[in-house]
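# structure here, sequence nowhere to be found:
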């Protein structure tokens, strides 16, 4: 995936929802409020952490590739936006 992905993050009442709504008005952008990617990555990183006995079999390069695969697979339909 060669497209750049930018994430909007904000505390309540900070304007992040408004920014997402404004971006959605332009068809060149894709902006959604919430999706499962964060929890998927979090769970996968926990599974690859030192708490797991098999973590020694996963190199840092493999961890990075696996994490990037989640993002690229989930966001591929919106890659042109």
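Nice, I can see it. Predicted model only: the values in this text are computed from it and were never measured.
# list the contacts of the closest residue to residue 40 other than its chain neighbours.
Leaving aside its chain neighbours, residue 40 sits nearest to residue 70 (5.5 Å; criterion: Cβ to Cβ, 6 or more residues apart in numbering). C-beta: built from backbone N, CA, C; applies to glycine. By Cβ atoms under 8 Å, 6 or more residues apart in numbering, residue 70 lies in contact with 37, 40-41, 44.
# from those, which land in helices?
Among the contacts of residue 70, the members falling in helices (DSSP state H) are 37, 40-41, 44.
# report the two of those residues separated the most.
Using Cβ to Cβ, the ones in helices among the contacts of residue 70 reach their maximum pairwise distance at 37 and 44, which is 10.5 Å.
# okay, the residue of the chain positioned farthest from its centre and residue 47: tell me how far apart.
Residue farthest from the centre of the chain, counting by Cα atoms, centre = their mean, is residue 53 at 26.0 Å. Going from residue 53 to residue 47 by Cβ to Cβ, to the nearest Å gives 11 Å.
# same deal with residue 26?
For residue 26, the distance to residue 47 - Cβ to Cβ - is 37 Å.
# okay, those two: which has more neighbours?
residue 47 (13 against 10; other Cβ atoms under 10 Å).
# residues near the nearest residue to residue 19 once chain neighbours are set aside, how many?
Nearest residue to residue 19, sequence neighbours excluded (Cβ to Cβ, 6+ apart): residue 8, at 5.8 Å. By the criterion of other Cβ under 10 Å, residue 8 has 14 neighbours.
# quick one, phi/psi of residue 8?
The phi/psi pair for residue 8 (degrees, to the nearest 10) reads phi -100, psi 130.
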